[in-house]
Structures are given as structure tokens and as C-alpha cells.
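Chemist: Sequence and predicted model, in that order:
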Amino acid sequence: MTASRPATKAGSGSVAAPAAPYPWPAGKTSAAWISIDVDADTPLLWRERNQADSGYLSEREQRQYGLRAGLRHLLQILARHEVRATFFVPGLIAERQPALLPDLVAAGHEVGLHGFAHEATREISTEAFGEALDASIAIFVAQTGQRPAGFRAPGWELTRPMHALLGVRGLYDSSLAGLEHPYDLDGVTELPVSWSREDTTRFKMTGLDARWPPTSPVVMLQEWLFDWEACAAAGGLFTLTLHDWVSGRPGPARVLDQLLARIRQDETAWISTGADLAAHHRQLALDRRSAFSSAGA
């Protein structure tokens, strides 16, 4: 874990953020990051872990689409635009699909941790969280020969003790949203996320009891283009979070295709992986990095 300068406690009324714009690499004034969560059926399995198999097929089959076809569609789009992405994969999926991680790495992409069984952090202990981390790390190292650099919490929720375990293991985190660019929280490098740039809130519908009907891909493209332009103008990091079984379908996949076409027109935008973003942030002088504490005043 990298050292960081003393951080201001949250809620103290002062801000530990440099006044200057975030220092992206030379010639760049903003960044875009395509991240893809390869959940498959793990959220469903976790939700029903204490129940007998109901036998219902609708959501199960929807989720299988990702590994059957959606992932391939997304990889084709990324290759066409020559964009490297980060794929966050539960350890259980990597274990069941032993060619998945090596194939993603061979294609030039990053693979990151996403729990072992997509455990809901509100439903497990800190000890169980650490055990899931270590089990997943072991699988990633065995399958790729590389130690993963980053982690994303299922549901984007972490307790302070869980977050601290990421720091102990030298991982960056992409589960929180405290700034519009990379920052340090309790010494851990954070690559912020945004619910407005996440596909399940717009496209996911697993049954007629869903909370709302899916958003039109046409509308979603307009919203994300608007959001990208606003984020770039602010000098921020545009983190797009997709799921292979949701955005790998033809309509949502075309949204990614056209969004990347627009972003790649901007020569001042740095399109990067999470590992490269975190490495860039950590090499900055401490007085150029925003650092905070999660502890109350």
C-alpha cells in the first residue's frame, strides 16, 4: 500500500483536495474507463444460497447470456476501437470457466476481483470478506500468473474494516464515489464509480415485477454522451460500469460502440484500464493527490 499525506477527517469542514485540476498524463485533460462486471449467475446463486432450487428459469437464462454471447459482443467492440478494459470477475466464475481470465489477459485487458461468489458485503463478516479475497487472488494468480491490481465490491458497498483489508493487500478499489477523479481514502487508491453510468439501473429487467421498464438504448446513448462531455469538461474520470449479460445484447452493445467512437475523437481523453489509472495516481507527488479519511470528525 502506498503512503499518503495526512488526510482530513470527513465531516471536519475542510477539504484535502488540491486546487489545481487533476494531473492526468501529459497532453490529457480527462480520462475514460470501461469496466465490465462478469457476474453470470453468481448474484442469483448468492441470493438463493439458503433455499432449495426453485427450478424457475427466466433470470437464470438471462444471466447465462453473458458468457454465451454477450462477452464476445463486448470484446469485439473493444477490439474494433482498440480499447483495453477492466473485467471484474468473481472467483467462482473464474473457477468454473478456467479459460476466461487467461483469454481476457491475452486480449490485452485487465482482470480484477469481484468477490468470490458475489457475496453481499452487508451479509458477511469481515473475516469472510478477507477469506473470499484471498481465495479469489489465489485463483487469479494460478490462472494468469499475475496478482490482480484492483477490486470492486458487489453492490458497491464496503465497511471500513473490509476497505482496510484492500489496503493491506495493496489493491485499488472501485466501489465508492467520493470524487470525480482518483483519490485516496484511508490510504487506499479509489477509482470512483457512478450509478448514472451503470447499465443495470437502466437496462436490467429480470421479470414483470421489476422496478421499472428498461430504458431505451437511444435515450441511454444521449444521456451517456451528455455525461461524458460534462465529465471531460470538468477534467474528471468517466467510469462506465457494464455487465456482459446486460450490455452485451445488441441494443445496449451499440450504445457502447457509438459512445467509444465519440470518446476516441477527443485526443485529450485518456482511455485506460483501472490498473494503469491506479498506477498513475500512485506515482503523483503527495501534494497533487486528494486524500481523505472515512472517520467522522
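Modeler: Happy to help now that I have it.
Chemist: those strands in the protein, which residues are they?
Modeler: Remark: strands assigned in the chain by DSSP state E are 8-9, 30-37, 86-89, 110-113, 150-151, 172-173, 183-185, 188-190, 237-243, 269-272, 291-293.
Chemist: what helices or strands is the second one leaning on?
Modeler: If I follow you right, that is strand 30-37. Secondary-structure packing of strand 30-37 (3 or more C-beta pairs under 8 Å, 6 or more residues apart in numbering; DSSP states H and E): helix 71-80, strand 86-89, helix 217-233, strand 237-243, helix 244-247, helix 250-263, strand 269-272, helix 274-283. All C-beta atoms are positioned from the backbone trio N, CA, C, and that covers glycine.
Chemist: Please dump the ones you listed into TSV; it should also carry mean pLDDT and distance to Leu158 for every row.
Modeler: TSV is the format used below for those (pLDDT from 0 to 100; distance: least, C-beta to C-beta, whole Å):
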stretch	mean pLDDT	distance to Leu158
helix 71-80	98	26
strand 86-89	98	14
helix 217-233	97	23
strand 237-243	98	16
helix 244-247	94	23
helix 250-263	97	27
strand 269-272	98	23
helix 274-283	98	16
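Chemist: can you redo the strands of the chain as CSV with mean neighbour count and distance to Leu75?
Modeler: Shown next, in CSV, are those (neighbours: other C-beta atoms under 10 Å; distance: least, C-beta to C-beta, whole Å):
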stretch, mean neighbour count, distance to Leu75
strand 8-9, 15, 42
strand 30-37, 26, 9
strand 86-89, 27, 9
strand 110-113, 25, 13
strand 150-151, 25, 19
strand 172-173, 26, 23
strand 183-185, 25, 30
strand 188-190, 26, 27
strand 237-243, 24, 12
strand 269-272, 21, 16
strand 291-293, 19, 36
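Chemist: Can you say which of those is nearest to Met220?
Modeler: With C-beta to C-beta as the measure, strand 237-243 is the member of these nearest Met220 (11.1 Å).
Chemist: what sits up against the closest one?
Modeler: With C-beta atoms under 8 Å, 6 or more residues apart in numbering as the test, strand 237-243 has contacts from 22, 30-39, 66, 74, 174, 180-182, 191-194, 197-200, 204, 224, 227-228, 231-232, 252, 256, 259, 263, 277.
Chemist: Of the residues you listed, which count as buried by neighbour count?
Modeler: Neighbour counting with 16 or more other C-beta atoms under 10 Å marks 22, 30-39, 66, 74, 174, 180-182, 191-194, 197-200, 204, 224, 227-228, 231-232, 252, 256, 259, 263, 277 as buried within the contacts of strand 237-243.
Chemist: can you tell me which residues contact Leu113?
Modeler: Counting by C-beta under 8 Å, 6+ apart, Leu113 touches 88-89, 91, 133, 136-137, 140, 148, 150-152, 171.
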